[in-house]
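**Q** A predicted structure for the sequence below; I have some questions about it.
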Amino acid sequence: MELKKDRIDSFEEYPFCVKAVRSIERLDFHPKVTFFVGENGSGKSTILEAIATAYGFNPEGGTINFNFSTSDTHSELYENIKLIKGVKKPQDGFFLRAESFYNLATNVEELEKDAPGIFMSYGGKSLHKQSHGESFFSVFMNRFNGRGLYILDEPEAALSPARQLSMIARMHSLLEKNSQFIIATHSPILMSYPDSIIYEISDSIREVRYDETEHYNITKAFLNNPSKMLKILIEENDD
């Protein structure tokens, strides 16, 4: 991925005013898994959305063939990036994002009315008739077929730790079927997948090791001594 800086009129306007976006020169993706990690508001979801939209996915999620839109809130970043694609074209693909999943589920329900049988690709029943976590996991387990490009925006938002571990196992099986994942996440469980690259997004974008991420170190420090961490947090709040 490259940012077409010569086409951008102003770096003072959103999304180009975001420091991480402004710092993009070229990002190389791992052939298997690329993670984007960073604080809320750092720009990771904005960048991920631009990649998905530039590739041809619906900005609100789904496959390339999904064309529903509830509100046009995606940024114009996708119009100003260049994706350098490989020789082999993926046979499957999906953009799965937590924040607009309800809209995706509604569209799947509408498609089922027009073409009965669509539900079979999503676990056999309406996604609205499953809990949020179950429906999110059902898409991942049933709709993803392999030999595909899968772009996931904070998939852990709906998943328990046990489900996140199951997701890693499923992801690995899909990778063995020549798939590629690009994932924005806060989950130290998901980002532990070894055959990957991790980009940490803050004021800039840099490649980091798993044990260098803030997510890993904060979680590790807390689990090693939760009572001490809570004591410090509560005392600071009382002050």
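**A** Great, that's in hand.
**Q** low-scoring stretches of this structure, by residue?
**A** Within the chain, the stretches with pLDDT under 70 are 69-74, 237-239.
**Q** now the residue nearest to the spatial centre of it, nearest residue through space, not along the chain?
**A** Residue closest to the average C-alpha location in the chain (C-alpha atoms, centre = their mean): Asp153, at 2.2 Å. Counting by C-beta to C-beta, 6 or more residues apart in numbering, Asp153 lies nearest to Arg97, which is 3.7 Å off, once chain neighbours are set aside. All C-beta atoms are positioned from the backbone trio N, CA, C, and that covers glycine.
**Q** Just give me the neighbour total for the one you found.
**A** Neighbourhood size, Arg97 [other C-beta atoms under 10 Å]: 25.
**Q** wait, it sits on Gly62?
**A** No - counting by C-beta atoms under 8 Å, Arg97 stays clear of Gly62, with 9.6 Å between them.
**Q** Report the set of residues contacting both of the two.
**A** Shared contacts of Arg97 and Gly62, defined by C-beta atoms under 8 Å, 6 or more residues apart in numbering, are absent.
**Q** Now do the contacts for the residue nearest to Asp153.
**A** 45, 49, 60-61, 152-154.
**Q** burial count for the nearest residue to Asn142 once chain neighbours are set aside?
**A** Computed as C-beta to C-beta, 6+ apart, the closest residue to Asn142 that is not its neighbour in sequence is Gly123, at 4.9 Å. Using other C-beta under 10 Å, Gly123 has 18 neighbouring residues.
**Q** How about Phe181?
**A** Per other C-beta under 10 Å, the neighbour tally for Phe181 reads 23.
**Q** swap in Ile8?
**A** Under the criterion other C-beta under 10 Å, the count of neighbours that Ile8 has is 16.
**Q** For the chain, just list every one of the strands.
**A** For the chain, the strands defined by DSSP state E cover 2-3, 33-38, 81-82, 92-97, 148-153, 180-184, 196-201, 205-208.
**Q** Can you name the residues that contact Leu83?
**A** Applying C-beta under 8 Å, 6+ apart, we find Leu83 in contact with 1, 51, 54-55.
**Q** Could you tell me the phi and psi values at it?
**A** Dihedral angles of Leu83 (phi, psi; degrees, to the nearest 10) stand at phi -100, psi 130.
**Q** which stretches of the protein form helices?
**A** Assigned by DSSP state H, the helices in the chain fall at 19-22, 44-55, 101-114, 132-138, 161-175, 214-224, 226-238.
**Q** how much space between Lys19 and Ser160?
**A** 34 Å (C-beta to C-beta, to the nearest Å).
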